[in-house]
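**Student:** Quick one: sequence plus predicted model below, questions after.
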Amino acid sequence: MSTIRFQALREASTRKPVQFEESGKKSAIFGSNVFNEKAMKQYLTSDALKGVQSAVLHGTKIDRKLADYIAMGMKEWALSKGVTHYTHWFQPLTGATAEKHDAFFETSYDGSDPVEKFGGAQLVQQEPDASSFPNGGIRNTFEARGYTAWDPTSPAFIYGTTLCIPTVFISYTGEALDNKIPLLRALSAIDEAATDVCKYFDKNVKKVTATLGWEQEYFLIDKSLAESRPDLMMTGRTLLGHTSAKGQQLDDHYFGAIPTRALMYMRDLEQECMLLGIPVKTRHNEVAPNQFEFAPIFEETNLAVDHNCLLMDVMQKVAERHDLKVLLHEKPFKGVNGSGKHNNWSLATDTGVNLLSPSKTPMTNLQFLAFFINTIKAVNDYEALLRAAIATASNDHRLGANEAPPAIISVFIGAQLTKVLEELEGVTKGKLSPEEKTDLKLNVVGKIPEVILDNTDRNRTSPFAFTGNKFEFRAVGSTANCSNAMTTLNTIVAKQLKDFKKEVDTLIETKDMKKDDAIFNVLREYIKHSKKILFEGDGYSEAWEIEAKKRGLSNFKTTPQALKARASKQALDLFSEMGIMNHIEVEARYEIELEEYTKKIQIEGRVLGDIATNHVIPTAIRYQNTLIENVKGLKDIFGAEFESIAKEQIILIKSISKHIEGINSKVVEMTNERKKANVLTDAQKMAEAYCDNVKPYFEVIREHCDKLELLVDNELWTLTKYRELLFTK
């Protein structure tokens, strides 16, 4: 009973909820540690404040002299809050965030006259080693220079005693080495394209903002229990472990009373979020045991992405104070639901209109239909690229697992809106007669219900669903940086809106059509073109998989298959035309994502082999030896009769031997396949080799290990079991 497992169980069973003092109303502390407009008004000159505001609203460049004044004010604000260091906070292509802390403290050349110093040069630009981060061959070790540059659209914030300045990361040769630069470019593209279309309906619109509301799912596990599992610590998921007799089948955890330790953690985390300006609003139990969710109020997409990246960091740090471990992996436990990060996306004008919200009036509903149908067509035309945007080794476990959206991208819009599109499609092509115009405006567009937030049902099996006034991209994984999905989605919709305006303008100019006629004609053709992507049924069913194939929709079940769309001609042309990424940047990301997939499967294979041979087999042999001694004792006592008396023990000994042999042989075979894959030089072929030839061994080895878990004495088993991981509160 002295194994690490039982030590961890003893520690976990004696934990008490960690108490902390809340700082009063959330509204009173919200953004206290953010260099927001309120702080800037206090610490910046009027010129410096105008410079930041102009950069945020209009993309105006801040010159170095003005940057010095901004840096001075930012430093004074930070020092007033006890800050000692600053860092450029950026998002390299690792999927995580990065930071290097420098002290404000400096001295003169002879070591005298110490002073707190921070100028415009330090604010605007720094120089991390670009060859030490994933770069897809853009930078070599002997070409290491890269730059981080201040992003004024995302406000600086304080965490601990460090001033964090959100930045972009770019190579010496100008290519983007992060997730933020392509996202900012995509947001600029959607702003321009959507604003142009908006002017058909409202000349006063000057800006359109893409908004995002993410839903972060996660598991909370006692820290000691998590640390007793090498697979959890090394890979973020359990590579083996027999399912618990009780899992989620009683549906008793979902939306249930939040366990006390988890609730105290959530309250502590929410306070940190309030200080950092992260507008978390919703907390609840999710479907699986010990699974939970946080969701915020919608924000501008760039800021929402930064806040989600920051949240994932802060979640882990706060968890340490509560002796908990946060598991963000999409599938940390077999047999219960995995975790996603639904991305709720919409478009809002500077005049206060949600462009994806139906309304009561014909003209505003025509505007809604324009953006609604163009989004559907964009997904239809680029469904493979959208699938590639959420492809990772960890998300592969979740997609299509009858608990999450399938790997087939489709759009759910609900019965009422489906009827609207069908009626619009049936209108006579060409110029609309006065009767048809009246019919459209009063009967078709008017059929959208006045209760705008609930004009569709919910379809949890749809990867891309319209949910009343937004589209919910449900297929994004819980570990993901939202940038990848949001860059792709905003780019394809921007491209579609750009093409839409060109087609409408052509009809107006060459066919002498009225604006409304031209818009309706183009939208009708888009509806016909995009029918294959619309699906209202059960996305988990085999029938849908067969139907989707008939429709010509892609069904990439693995990341190596899906990522091919990343570097396709369609993708290269799209990102180049829209000014999001050049060919080098696109191909670099394709290489990086393939390499990341390969390395994750490689690590999991090595960890599984280690646990199976160094934990499971020795434990099984130890128990087998106990059985053998028992059989020997029975033989000594009963003589010739022992075989009938020890029959079950002998069967058990043989069964254990069979599973030990199975583990040994399959680990050797898996290792040999890894060696074969490692000599391949083509990134796509190597990823495919790991996917097709190495990964299949995981389940075979696991099955033998999980069978042994049921056979071996519970007190000898060294690995913390599922029932303990999932039900220790």
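**Tutor:** Cool, the structure landed.

**Student:** can you map out the helices along the stretch 201-350 of the chain?
**Tutor:** Listed in chain order, the helices of the stretch 201-350 of the chain (DSSP state H, counting those that start in this stretch) span 223-227, 230-235, 260-275, 301-321.

**Student:** Could you dump those into a markdown table with mean neighbour count, distance to Thr506 and mean pLDDT added?
**Tutor:** In short, each C-beta sits where N, CA and C put it, glycine included. Written out in a markdown table, the entries for the helices of the stretch 201-350 of the chain read as follows (neighbours: other CB atoms under 10 Å; distance: least, CB to CB, whole Å; pLDDT from 0 to 100):
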| stretch | mean neighbour count | distance to Thr506 | mean pLDDT |
| --- | --- | --- | --- |
| helix 223-227 | 20 | 60 | 96 |
| helix 230-235 | 19 | 54 | 97 |
| helix 260-275 | 19 | 49 | 95 |
| helix 301-321 | 20 | 31 | 97 |
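
**Student:** which stretch among those comes nearest Ser131?
**Tutor:** Smallest distance to Ser131 across the helices of the stretch 201-350 of the chain (CB to CB): 22.8 Å, for helix 301-321.

**Student:** Mind checking which residue lies nearest the centre of this structure?
**Tutor:** Most central in the chain under CA atoms, centre = their mean is Ala480, positioned 2.6 Å from the mean C-alpha point.

**Student:** Next up, the contacts around it.
**Tutor:** Contact partners of Ala480, counting by CB atoms under 8 Å, 6 or more residues apart in numbering, are Gly95, Lys341, Ile390, Thr392, Asn395.

**Student:** same question for the helix or strand harbouring Tyr590, mean pLDDT?
**Tutor:** Remark: Tyr590 resides in helix 583-611, with elements defined by DSSP states H and E. Confidence over helix 583-611 (mean pLDDT, whole number) is 97.

**Student:** And for stretch 498-516?
**Tutor:** Per-residue pLDDT over stretch 498-516 has a mean of 94.

**Student:** would you put the C-alpha positions of that stretch in PDB?
**Tutor:** Once non-C-alpha atoms are left out, stretch 498-516 reads as follows in PDB (Å, rounded to 0.1, in the frame of the first residue of the first chain):
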ATOM      1  CA  LYS A 498     -15.500  40.300 -52.000                       C
ATOM      2  CA  ASP A 499     -16.700  38.000 -54.800                       C
ATOM      3  CA  PHE A 500     -20.300  38.700 -53.900                       C
ATOM      4  CA  LYS A 501     -19.900  42.400 -54.200                       C
ATOM      5  CA  LYS A 502     -18.200  42.000 -57.600                       C
ATOM      6  CA  GLU A 503     -21.000  39.900 -58.900                       C
ATOM      7  CA  VAL A 504     -23.700  42.200 -57.600                       C
ATOM      8  CA  ASP A 505     -22.000  45.300 -59.000                       C
ATOM      9  CA  THR A 506     -21.600  43.600 -62.400                       C
ATOM     10  CA  LEU A 507     -25.300  42.900 -62.600                       C
ATOM     11  CA  ILE A 508     -26.100  46.500 -61.600                       C
ATOM     12  CA  GLU A 509     -23.700  47.900 -64.200                       C
ATOM     13  CA  THR A 510     -24.100  45.500 -67.100                       C
ATOM     14  CA  LYS A 511     -27.700  44.200 -66.700                       C
ATOM     15  CA  ASP A 512     -29.200  47.500 -65.500                       C
ATOM     16  CA  MET A 513     -30.600  45.800 -62.500                       C
ATOM     17  CA  LYS A 514     -31.800  47.500 -59.300                       C
ATOM     18  CA  LYS A 515     -29.700  46.800 -56.300                       C
ATOM     19  CA  ASP A 516     -32.200  44.600 -54.600                       C
END
